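[1] Give me a model of this one.
(chains A, B, C and D)
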Protein chains: 2
Amino acid sequence: MENQFKQIATLIGDPTRATIMWTLLEGKAFTATELAITVTTSPQNISMHLTKLVQANLLVVESQGRHKYYRFARKEIAYAIEAMISLVPPTVNTKKIESQKVSPIKYCRTCYDHIAGKVGVALTDSLLQQQLIIENTTGFEVSPEGEKWFASFGIPLSVLKQQKRSFVRPCLDWSERRPHIAGSLATALLDKMVHEDWVRKIRGSRALVVTAKGKKEIQTHFRIDL
Amino acid sequence: MENQFKQIATLIGDPTRATIMWTLLEGKAFTATELAITVTTSPQNISMHLTKLVQANLLVVESQGRHKYYRFARKEIAYAIEAMISLVPPTVNTKKIESQKVSPIKYCRTCYDHIAGKVGVALTDSLLQQQLIIENTTGFEVSPEGEKWFASFGIPLSVLKQQKRSFVRPCLDWSERRPHIAGSLATALLDKMVHEDWVRKIRGSRALVVTAKGKKEIQTHFRIDL
DNA sequence: TCGACAGTTAAGTACAAAGTGAAGTGTTAG
DNA sequence: CTAACACTTCACTTTGTACTTAACTGTCGA
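    Reported below is the predicted structural model:
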């Protein structure tokens, strides 16, 4: 067990592989070449590293024609990486007053495919407080009022519920250390917010920015002052 | 940010350092030498690694005399390590939350010149409960009843009080993580117990053993069942 | 069919960093 | 006081493994 942990740690601990994991946090699957480019290394090298990660069950690979798509094997992998990322700030923040203000990535970021960070947690709190979602023994569920609310918000739940993946579940946010919603409902929520231009994805990063319009709308819908 | 993550990852990723982190999960603080033994490496090497971990704000160190106690800088560190452990292949992932009977060094040991470990904390608790010593805002003090008690026990306080070093003060015990008495009174107490052969020092170690006589006497004087 | 592309495999090299031995500081114990 | 101990620092050696060069398999599109 201890040795297995060492193996995992050394595996993630290599700079190149760490960057791979960082990149994959975006949630989508990457091809080997895409990863080689974003990590800035050779195809042979990335191939070697990916093989190791797959063998260790940290990644899974799916072949499509001449491409191979790599992604996290389980969501726990993403959580672990996030937990490690959450260790970063204190080493930096000691410097300037300016940097004490919440960094974008902590402020609002996509956790795999749902919304995390300060905003994600606040949204979840709001949904809970309005009793649109309810905490039960196993996790979260949507209340009858919630169903109506989401429908009027433009997210009909009937479709989502039929999907394989879990509909709505709590996910611990590592920067806030409080749960936020995950699952297909959370994804739909994020999609909607992107589509309505409430938030925008920042290219080459996992951070999101909340637009002026978004701030206003979020205020009215969720009663959150950003 | 990405580079900082890489640094953290590579830092934890070294086999020796990973084992250090694993060991520290136990929650208590370890000395450099203790870590060198459990990790099975040289003192120089462990010193080097610990320095790096402290510089990265993953660990904090507290000097007590010639010992240095290392522990996690924040609880988030432990969370991250646990998240990584949860990635260990599903085969044998039953975490050992441990059987281990209390080791001698944890059981009863000298913290330089006063008595620490389970017994030390228990003694302190007993003294507090009998109101022979009293907790005030700055630390501990001996009550009038306490003075009489110590005198009858063979420790006249008048002499001790004149010494330069602090007479009685609380000292955090790292294995129990609770305070025990320190200062000249504690030293006198230990001396007395050694002299009366209640406890014996183990050569080449900081551990103490309680003799059969000691168990009996401690039971009568402190109402502690060992 | 061919050439371009995506990815793999194999062998050899290079270098950062882990580990070691020796000598240092500071602390405690007798 | 001196000796033992806890830990650090420095200078050196060693070694693991990441990365490179090169040649390979398999897939796609014109």
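[2] residues contacting the residue of chain A at minimum distance from chain B?
    Using Cβ to the nearest Cβ, the closest approach of chain A to chain B is made by A:G13 at 1.2 Å. Placement of C-beta: from N, CA and C, glycine included. Taking Cβ atoms under 8 Å, 6 or more residues apart in numbering or on different chains, we find A:G13 in contact with B:A9, B:T10, B:L11, B:I12, B:G13, B:D14, B:A18.
[3] just checking, the last one touches A:Q4?
    In this case it means B:A18. No. Using Cβ atoms under 8 Å, B:A18 is not in contact with A:Q4; the gap is 10.7 Å.
[4] Of the two, which one has the most company?
    Comparing B:A18 with A:Q4 by neighbour count (other Cβ atoms under 10 Å in any protein chain shown), the higher total belongs to B:A18, at 25 against 16.
[5] Skipping adjacent residues, who's closest to that one in space?
    Excluding the flanking residues, the one nearest B:A18 by Cβ to Cβ, 6 or more residues apart in numbering or on different chains is A:A9, at 3.9 Å.
[6] Confirm that that neighbour lies within a helix, as I assumed.
    Yes. Assessed with DSSP: H, G, I helix; E, B strand; the rest coil, A:A9 lies in a helix.
[7] Was I right to think it contacts B:I20?
    No. Applying Cβ under 8 Å, one finds A:A9 not in contact with B:I20, separated by 10.8 Å.
[8] coming back round to it: I'd like the contacts of A:G13 written out as a markdown table, with distance to A:I155 and pLDDT added.
    Output for those, formatted as a markdown table (distance: Cβ to Cβ, whole Å; pLDDT from 0 to 100):
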| residue | distance to A:I155 | pLDDT |
| --- | --- | --- |
| B:A9 | 37 | 96 |
| B:T10 | 42 | 96 |
| B:L11 | 42 | 96 |
| B:I12 | 40 | 96 |
| B:G13 | 41 | 95 |
| B:D14 | 46 | 96 |
| B:A18 | 43 | 96 |
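[9] Specify which member of these is nearest to DNA strand D.
    B:G13 (8.8 Å; Cβ to the nearest atom of the strand).
[10] Tell me the residues of chain A that contact DNA strand D?
    Selection of chain A residues close to DNA strand D by Cβ under 7 Å from any atom of the strand yields A:10, A:14-16, A:41-42, A:44-45, A:48-49, A:52, A:65-66.
[11] which of those residues are the two that sit furthest away from each other?
    Using Cβ to Cβ, the pair of the residues of chain A next to DNA strand D lying farthest apart is A:T10 and A:G65, separated by 33.3 Å.
[12] How about the contacts made by A:L11?
    Counting by Cβ under 8 Å, 6+ apart, A:L11 has contacts A:R17, A:K52, A:L53, A:A56, A:L58, B:G13.
[13] one step back: distance of the residue of chain A closest to chain B from B:D191?
    49 Å (Cβ to Cβ, to the nearest Å).
[14] what about the closest residue to A:L35 other than its chain neighbours, which SS state?
    Leaving out its chain neighbours, the residue that sits closest to A:L35 by Cβ to Cβ, 6+ apart is A:I46, at 5.4 Å. Here A:I46 is helix, with the state taken from three-state DSSP.
[15] A:A32 is in contact with A:I46, correct?
    Yes. Because the distance of 5.6 Å satisfies Cβ under 8 Å, A:I46 is recorded as touching A:A32.
[16] And for A:E135, the neighbour number?
    11.
[17] What's the separation between it and A:A122?
    16 Å.
[18] low-scoring pLDDT stretches of chain A, where are they?
    By pLDDT under 70, the weakly predicted segments of chain A are A:27, A:89-114, A:116-117, A:136-139, A:159-166, A:169-179, A:201-207, A:226.
[19] let's go with 50 and repeat that
    In the prediction, chain A carries residues with pLDDT under 50 at positions A:91-104, A:174-175, A:177, A:204.
[20] so A:I181 bridges to which residues?
    Under the criterion DSSP bridges, A:I181 forms beta bridges with A:P170.
[21] Report the angle between the helix or strand hosting A:A78 and helix B:75-85.
    Taking DSSP states H and E as the criterion, the element that holds A:A78 is helix A:75-85. Interaxial angle, helix A:75-85 versus helix B:75-85 (axes from the mean of the first three to the mean of the last three Cα atoms, to 10 degrees): 150 degrees.
[22] Helix A:75-85 close to chain B?
    Yes. Remark: helix A:75-85 sits within contact range of chain B at A:E76, A:I77, A:Y79, A:A80, A:A83, A:M84, A:I85, by Cβ under 8 Å from any Cβ of the partner chain.
[23] would you turn the residues you listed into JSON lines with neighbour count?
    Shown next, in JSON lines, are the residues of helix A:75-85 next to chain B (neighbours: other Cβ atoms under 10 Å in any protein chain shown):
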{"residue": "A:E76", "neighbour count": "14"}
{"residue": "A:I77", "neighbour count": "26"}
{"residue": "A:Y79", "neighbour count": "22"}
{"residue": "A:A80", "neighbour count": "26"}
{"residue": "A:A83", "neighbour count": "23"}
{"residue": "A:M84", "neighbour count": "27"}
{"residue": "A:I85", "neighbour count": "25"}
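[24] Return the member of those nearest to DNA strand D.
    A:M84 (17.4 Å).
[25] Please name the spatially closest residue to the closest one (chain neighbours excluded).
    B:A80 (5.1 Å).
[26] Domain boundaries for chain A, per the record?
    Here the domain parsing of chain A from automatic domain parsing is A:2-77, A:89-222.
[27] Any chance of the ones you listed in a markdown table with distance to B:R223 as columns?
    Listed next are the domains of chain A as a markdown table, based on distance: least, Cβ to Cβ, whole Å:
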| stretch | distance to B:R223 |
| --- | --- |
| domain A:2-77 | 40 |
| domain A:89-222 | 42 |
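[28] quick one: which of those domains is nearest B:I224?
    Smallest distance to B:I224 across the domains of chain A (Cβ to Cβ): 35.1 Å, for domain A:2-77.
[29] so how far does the closest one reach from one end to the other?
    18 Å (Cα to Cα, to the nearest Å).
[30] in terms of contact, does A:F30 touch A:L24 like I think?
    Yes. Between A:F30 and A:L24 there is a contact under Cβ under 8 Å: 6.5 Å.
[31] Work out the gap between stretch A:76-89 and the centre of the chain.
    Distance of stretch A:76-89 from its chain centroid, counting by Cα atoms, centre = their mean, to the nearest Å, is 11 Å.
[32] can you give me the strands in chain A?
    If DSSP state E is used as the criterion, the strands of chain A fall at A:30-31, A:59-64, A:67-72, A:109-111, A:114-116, A:133-135, A:140-142, A:169-173, A:178-182, A:199-201, A:208-210.
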